[in-house]
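K.L.:
structure here, sequence nowhere to be found:
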C-alpha cells in the first residue's frame, strides 16, 4: 500500500525523505541523501584530478568559472532527488509529495522534477529544514 504523503526536506548538499499516512501524525524517515561535492568550493572541485565531475583547467569553459562548478553539483543533486521521487511514483509508493528547500535549490528541484511528480506536488516551501529535528518538522510544515 502506498504512503499517503512523502515529504522531501532538502538543501543543495543534504536531504531527508519522510513518509506519513493520511492523518500525518507520525513521520517516518525513509532515506537520507548527502552530496559532498555540493559542500566543496568550486576551486576544490577543480583541483580533484580523480573526480570525473571536475572541470578542465586547460580549457576556458563556463564550468571553470568561480561558482559554476558548485552550481553544476547542486543541479546534479537536484536531479538525483527528482529521480528518487520519480522512482517512488513508478513503485506506487506515495500519493502526494511536499518539498521544502531554500529558494535557489527549490528552483532547481522544480526544474528537475517530472510532470508526473508535479501533478502530485501538494506544497513546496522556501525553507531549509535539513537541520530541524524530526519531532519539530510537523509544526513547521503544514500538511492540513
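P.N.:
Thanks, I have the structure now. Bear in mind that the values here come from a model prediction, so they are computed numbers and not experimental data.
K.L.:
contacts only, for the closest residue to residue 27 other than its chain neighbours.
P.N.:
Using CB to CB, 6 or more residues apart in numbering and skipping the chain neighbours, the partner closest in space to residue 27 is residue 18 (4.5 Å). Just so you know, the C-beta spots here come from the backbone N, C-alpha and C atoms, and that holds for glycine as well. Taking CB atoms under 8 Å, 6 or more residues apart in numbering as the criterion, residue 18 is in contact with 6-9, 27-30, 134, 137.
K.L.:
let's see 10 Å
P.N.:
3, 5-9, 26-31, 98, 134, 137-138, 141 (CB atoms under 10 Å, 6 or more residues apart in numbering).
K.L.:
tell me the pLDDT at it?
P.N.:
In this model, residue 18 is scored at 96, pLDDT.
K.L.:
what about it, which SS state?
P.N.:
Classification of residue 18 using DSSP: H, G, I helix; E, B strand; the rest coil returns strand.
K.L.:
give me the distance between it and residue 99.
P.N.:
The spacing between residue 18 and residue 99, counted by CB to CB, to the nearest Å, is 11 Å.
K.L.:
joint contacts of those two?
P.N.:
6-9, 141.
K.L.:
so residue 22: helix, strand or coil?
P.N.:
Secondary structure assignment for residue 22 (three-state DSSP): coil.
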